[in-house]
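>>> Got a sequence here, can you build the structure:
(chains A and B)
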Amino acid sequence: MSLAEAARKHAAGRALSVLGERPELPLSILLFIVVIGGWELVVDFFEVPGIVVPPPSAVAVALWDGLRSGSLIANFSVTFFETIAGFAIGAFVGLVLGALVGMSPLVEKTLYPYIVAFQTVPKVAIAPIIVIWFGYGMSSKVVITATIAFFPVLANTIVGLRAAPRDQIELLIAFTASPWQIFWKLRVRQALPYILVGLDVAIVLSVIGAIVGEFVGAQSGLGYLILQRNFSMDMAGVFAILVVLSVMGVGLHAVVRTIQKRVVFWLEDDQDRTIGA
Amino acid sequence: MPEDLTRPAGGDAKEAAPLIAVAGLNKTYRTRGGEAVAALQDINFDVADGELVTIVGPSGCGKSTLLKILAGILPRSTGDVRLRGRKIDGPSRDVGVVFQAPVLLPWRTVLSNVMLPAEIQHADGAASERRARDLLKLVGLDGFETKYPNELSGGMQQRVGISRALVHEPALLLMDEPFGALDAMTREFMNLELLRIWQQSRKTILLVTHAIPEAVFLADRVIVMSARPGRIVDIITVSLPRPRGLEIINTPEFGRYAQAIRHHFQSLGALDA
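Reported below is the predicted structural model:
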């Protein structure tokens, strides 16, 4: 057996072991090919008009055109900024309110019913009001996004701050810890896994918030572009935007997951999935 | 000898004053129905400086409750509980605690877990780190400073817990069934370890257990408790020679001490349950 042959066998063995560890990888690629290919074939075979369902190839072309002309990128930047800014504000408010409600029964009893009442109002319903208050620019979208993003962070912060086990609290008390020390050294740490799940939910909701805001009234952004292309029956163009949106959502989710893995490194993989959102 | 400086000199009036003095202690719980349940009834005992005292009793005899009152975590109902002559009405810096579970914080390294009490009490960082490293060496865990708790076995975790309880140099170490969750072999080993640590650190130790051999093996004196309500039925002075090795368990004297304690439980009917 030559050296090159051995190396090849070794590489093949490695590829096989990767497959063994992640059997979902080839399967999910196969699923993609089957769905997209099937879609293309069905549209082609039944001669479905492009303004009803565009074939994937047309979507790809529209995507490419949009990226080349810069229109997709310009509008993407607007929506991306609205998403991030709204998420940041919403998460901040959620954290602060969550800490207040979580640590003070009085604040909880006074404030929480109103927060829940606010949460039950569909944000789509108040979006037009917010647009009137904050104008057609980006600020109204940031506000709408923030109102959607804050609740999962708030709810998880409250639950998380109460997650510290009794024996850990007693231990710190026995070592003469003040309530403030127990909060920072124990409760906040124990809350982090919950808070990060809340942030994960919030970032995905933030994309929805930005788009909803743009639907109600905007001058730019991917949501605005969807409406424009819808009016001009550019279905392939609309689908191209949907692709961009889902890539953005998946990307942001992945960023939060990465941060989550780093911050709550002490949890096993199967453990952090069971923590409720 | 430097060791003697930390201990009251002979003939000093302080030597007579016990480190812990418990007199007429009662603890009553209220159930949800408003019913009063006596957990501890008329508890009286003293622990001298440097003594190793064990408390043995069946489950439900309130021995953990007693320890928590001494740790200042639970309030007493009536009676007088003093540490160095001062009434205990809250946690004290002069006390270190070890629970049955190691209760390590999983996001902290071993070293940082050990330093936690010093950190809480705003002790000098460099000095307490040096002390934490020394203590880890004392319990045989040098080289594990940067590991995380989930990388250690149960026995090792409990040894980290013991180091943590000693880092702020408390006079008194309270241990609530510290080896109860360990297997028999690890437990025997930890008993030997504890005696070695006790002899080197010269702390006062009050240890709660439900294992009679463990109670006798470790103790200068064994406090025997009964269940519901928790009362002291006997305090037995164990005059087995020190240092003790595991072989002492097979001696007739050891057997007599164990039998005396078992006899108490039998006459109380605790062993039939």
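>>> The host helix or strand of B:Val222: what's the following helix or strand?
Using DSSP states H and E, B:Val222 sits in strand B:221-226. Note on strand B:221-226: by DSSP H and E, the next helix or strand toward the C-terminus is strand B:231-237.
>>> in that following strand, what counts as buried?
Across strand B:231-237, burial judged by 16 or more other C-beta atoms under 10 Å in any protein chain shown covers B:231-232, B:236. Heads up, the C-betas are built off the backbone N, CA and C, glycines and all.
>>> now swap in stretch B:125-139 and tell me
B:128-129, B:131-133, B:135-136, B:138-139.
>>> and which of those is nearest chain A?
B:Ser128 (12.5 Å; C-beta to the nearest C-beta).
>>> which residues touch the closest one?
Going by C-beta atoms under 8 Å, 6 or more residues apart in numbering or on different chains, B:Ser128 touches B:115, B:118-119, B:167-168.
>>> overlap between these and the residues near chain A?
The subset of these within reach of chain A, by C-beta under 8 Å from any C-beta of the partner chain, is B:119, B:168.
>>> Turn the contacts of B:Ser128 into a markdown table, columns for pLDDT, secondary structure and distance to B:Leu66.
Shown next, in a markdown table, are the contacts of B:Ser128 (pLDDT from 0 to 100; DSSP: H, G, I helix; E, B strand; the rest coil; distance: C-beta to C-beta, whole Å):
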| residue | pLDDT | secondary structure | distance to B:Leu66 |
| --- | --- | --- | --- |
| B:Met115 | 94 | coil | 29 |
| B:Ala118 | 93 | helix | 27 |
| B:Glu119 | 92 | helix | 28 |
| B:Val167 | 91 | coil | 24 |
| B:His168 | 89 | coil | 23 |
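>>> Show me which of the contacts of B:Ser128 are buried.
For the contacts of B:Ser128, buried by 16+ other C-beta under 10 Å: B:115, B:118-119, B:167-168.
>>> Can I get these in CSV including distance to A:Phe175?
Output for the buried ones among the contacts of B:Ser128, formatted as CSV (distance: C-beta to C-beta, whole Å):
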residue, distance to A:Phe175
B:Met115, 11
B:Ala118, 9
B:Glu119, 9
B:Val167, 10
B:His168, 7
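>>> So B:Ala79 lies in a strand, does it not?
I think there's a mix-up here, since residue B:79 is Gly and not Ala. Yes. Assessed by DSSP: H, G, I helix; E, B strand; the rest coil, B:Gly79 belongs to a strand.
>>> mind checking how far it is from B:Asn44?
In this view, B:Gly79 and B:Asn44 are 9 Å apart by C-beta to C-beta, to the nearest Å.
>>> tell me, what's touching those two both at once?
Joint contacts of B:Gly79 and B:Asn44 (C-beta under 8 Å, 6+ apart) are B:22-25.
>>> what sits against B:Gly18?
Quick fix: residue B:18 reads Pro, not Gly. So B:Pro18 contacts B:46-49 (C-beta under 8 Å, 6+ apart).
>>> Where does pLDDT dip in the stretch 1-150 of chain A?
A:1-20 (pLDDT under 70).
>>> got the buried residues for the helix or strand encompassing A:Val34?
Using DSSP H and E, A:Val34 sits in helix A:24-45. For helix A:24-45, burial by neighbour count (16+ other C-beta under 10 Å) applies to A:39, A:43.
>>> Quick check: residues of the stretch 51-200 of chain B near chain A?
B:68, B:71-73, B:90-93, B:95-97, B:99, B:101, B:103, B:105-107, B:116-117, B:119-121, B:148, B:150, B:168.
>>> 6 Å instead?
Neighbours of chain A within the stretch 51-200 of chain B, by C-beta under 6 Å from any C-beta of the partner chain: B:71, B:73, B:91, B:93, B:97, B:103, B:106-107, B:117, B:120.
>>> Sort out which one of those lies nearest A:Gly198 for me.
Ranked by distance to A:Gly198 (C-beta to C-beta), those are led by B:Trp107 at 18.5 Å.
>>> burial measure for B:Ile20, as a count.
A total of 23 residues lie near B:Ile20 under the criterion other C-beta atoms under 10 Å in any protein chain shown.
>>> Surely B:Ile55 is in a helix?
No. Counting by three-state DSSP, B:Ile55 is located in no helix; its state is strand.
>>> Next up, the contacts around it.
Counting by C-beta atoms under 6 Å, 6 or more residues apart in numbering or on different chains, B:Ile55 touches B:63, B:208, B:223.
>>> can I assume A:Val107 is in contact with A:Gly98?
No. Counting by C-beta atoms under 6 Å, A:Val107 does not reach A:Gly98; the two are 10.5 Å apart.
>>> Tell me which stretches of chain A form strands.
Shown for chain A, no strands are assigned by DSSP state E.
>>> residues in it within reach of chain B, list them.
A:167-168, A:170-171, A:173-177, A:181, A:189, A:266.
>>> So which of the residues you listed are in helices?
Judged by DSSP state H, the residues of chain A next to chain B include A:167-168, A:170-171, A:173-174, A:181, A:189 as members of helices.
>>> if we can go back for a sec, how about the contacts of B:Ile55 in a markdown table, adding pLDDT and neighbour count?
Listed next are the contacts of B:Ile55 as a markdown table, based on pLDDT from 0 to 100; neighbours: other C-beta atoms under 10 Å in any protein chain shown:
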| residue | pLDDT | neighbour count |
| --- | --- | --- |
| B:Lys63 | 87 | 25 |
| B:Val208 | 94 | 25 |
| B:Ile223 | 94 | 24 |
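>>> which residues of the stretch 1-150 of chain B score low on pLDDT?
In the stretch 1-150 of chain B, residues with pLDDT under 70: B:1-16.
>>> if we go to 80?
B:1-17, B:60 (pLDDT under 80).
>>> Run through the strands of it in chain order.
B:20-30, B:36-47, B:52-56, B:78-83, B:86-87, B:95-98 (DSSP state E, counting those that start in this stretch).
>>> So which of these has the densest surroundings on average?
Mean neighbour count (mean count of other C-beta atoms under 10 Å in any protein chain shown) peaks for strand B:95-98 among the strands of the stretch 1-150 of chain B, with a mean of 27.
>>> Can you name every helix or strand that that strand contacts?
helix B:154-166, strand B:172-176 (3 or more C-beta pairs under 6 Å, 6 or more residues apart in numbering or on different chains; DSSP states H and E).
>>> Where among those is average confidence lowest?
Mean pLDDT is lowest for helix B:154-166 out of the helices and strands packed on strand B:95-98, coming in at a mean of 90.
>>> In chain A, where's the longest helix?
helix A:71-103.
>>> can you list the domains in chain A?
Domain segmentation of chain A under automatic domain parsing yields A:3-45, A:56-274.
>>> Could you dump these into JSON lines with distance to B:Ala215 added?
What follows is those, written out as JSON lines (distance: least, C-beta to C-beta, whole Å):
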{"stretch": "domain A:3-45", "distance to B:Ala215": "51"}
{"stretch": "domain A:56-274", "distance to B:Ala215": "23"}
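>>> Return the most buried member of those domains.
Most buried among the domains of chain A, counting by mean count of other C-beta under 10 Å: domain A:56-274, with a mean of 18.
>>> chain center to that domain: distance?
Once both centres are worked out by C-alpha atoms, centre = their mean, to the nearest Å, domain A:56-274 turns out to sit 7 Å from its chain's centre.
>>> With A:Arg187 as the reference, measure out to the closest residue to A:Thr157 other than its chain neighbours.
Nearest non-adjacent residue to A:Thr157, counting by C-beta to C-beta, 6 or more residues apart in numbering or on different chains: A:Gly98, 2.7 Å away. For A:Gly98, the distance to A:Arg187 equals 12 Å [C-beta to C-beta].
>>> try B:Ile120
In terms of C-beta to C-beta, B:Ile120 sits 14 Å off from A:Arg187.
>>> Also A:Gly198?
Distance from A:Gly198 to A:Arg187, by C-beta to C-beta: 15 Å.
>>> Can I get the shared contacts of B:Gly79 and B:Asn44 in JSON lines including distance to B:His264?
What follows is the shared contacts of B:Gly79 and B:Asn44, written out as JSON lines (distance: C-beta to C-beta, whole Å):
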{"residue": "B:Val22", "distance to B:His264": "19"}
{"residue": "B:Ala23", "distance to B:His264": "22"}
{"residue": "B:Gly24", "distance to B:His264": "22"}
{"residue": "B:Leu25", "distance to B:His264": "20"}
